[in-house]
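No sequence on hand, only this structure:
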Ligand code: SF4
Ligand code: SF4
């Protein structure tokens, strides 16, 4: 009976496992938050986000500049799949995949609901304009760039 009910819902309200590839890709809000560099405390496993972003992130478009080759070029690039979401506690707490994995609704600003990414920009969800490329930051200097506007 659940399946019958689910089939009438928009795909972003259905269980992640039921999404086809296209729906899965469209669930991503394009915020860019998962492309930020993170620091993790090995003792507590706590994660802090920094404003430093992957060198391939294109700030103007908010897109990945090497999407098809990202796993080869950036070994720690996150390719989200249904299998691994549970094992990635540091995913941003606004991430559509994390929300749906936890059976929570998307936020009203999500482009699928709002119809555009204007609200995302208004609410400061997108990272564009607030980040610095890793090309300009020494790895040991990451701590100086810790931010509080993205949390896991
Ligand atoms: S944090 Fe989630 S929703 Fe945002 S760009 Fe990354 S995968 Fe997409
Ligand atoms: S390779 Fe692309 S998707 Fe991966 S972290 Fe860099 S910009 Fe983001």
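Noted; the coordinates are in hand. A quick note: this is a predicted structure, and the numbers were derived from the prediction, not measured. Ligands and ions are numbered 1, 2, ... in the order given.

is it true that residue 123 touches residue 109?
Yes: using CB atoms under 8 Å, residue 123 is in contact with residue 109, at 5.2 Å. (C-beta placed from N, C-alpha, C; glycine too.)

more crowded one of these two?
A count of neighbours by other CB atoms under 10 Å puts residue 109 above the other of residue 123 and residue 109, at 21 against 13.

Any idea which helix or strand in the protein has the lowest mean pLDDT?
Taking mean pLDDT, DSSP states H and E as the measure, the helix or strand of the chain with the lowest value is helix 2-7, at a mean of 65.

Surely residue 121 is in a helix?
Yes: assigned with DSSP: H, G, I helix; E, B strand; the rest coil, residue 121 falls within a helix.

what sits against it?
By CB atoms under 8 Å, 6 or more residues apart in numbering, the contact set of residue 121 is residue 128.

Point to the residue nearest the middle of this protein.
residue 34 (4.1 Å; CA atoms, centre = their mean).
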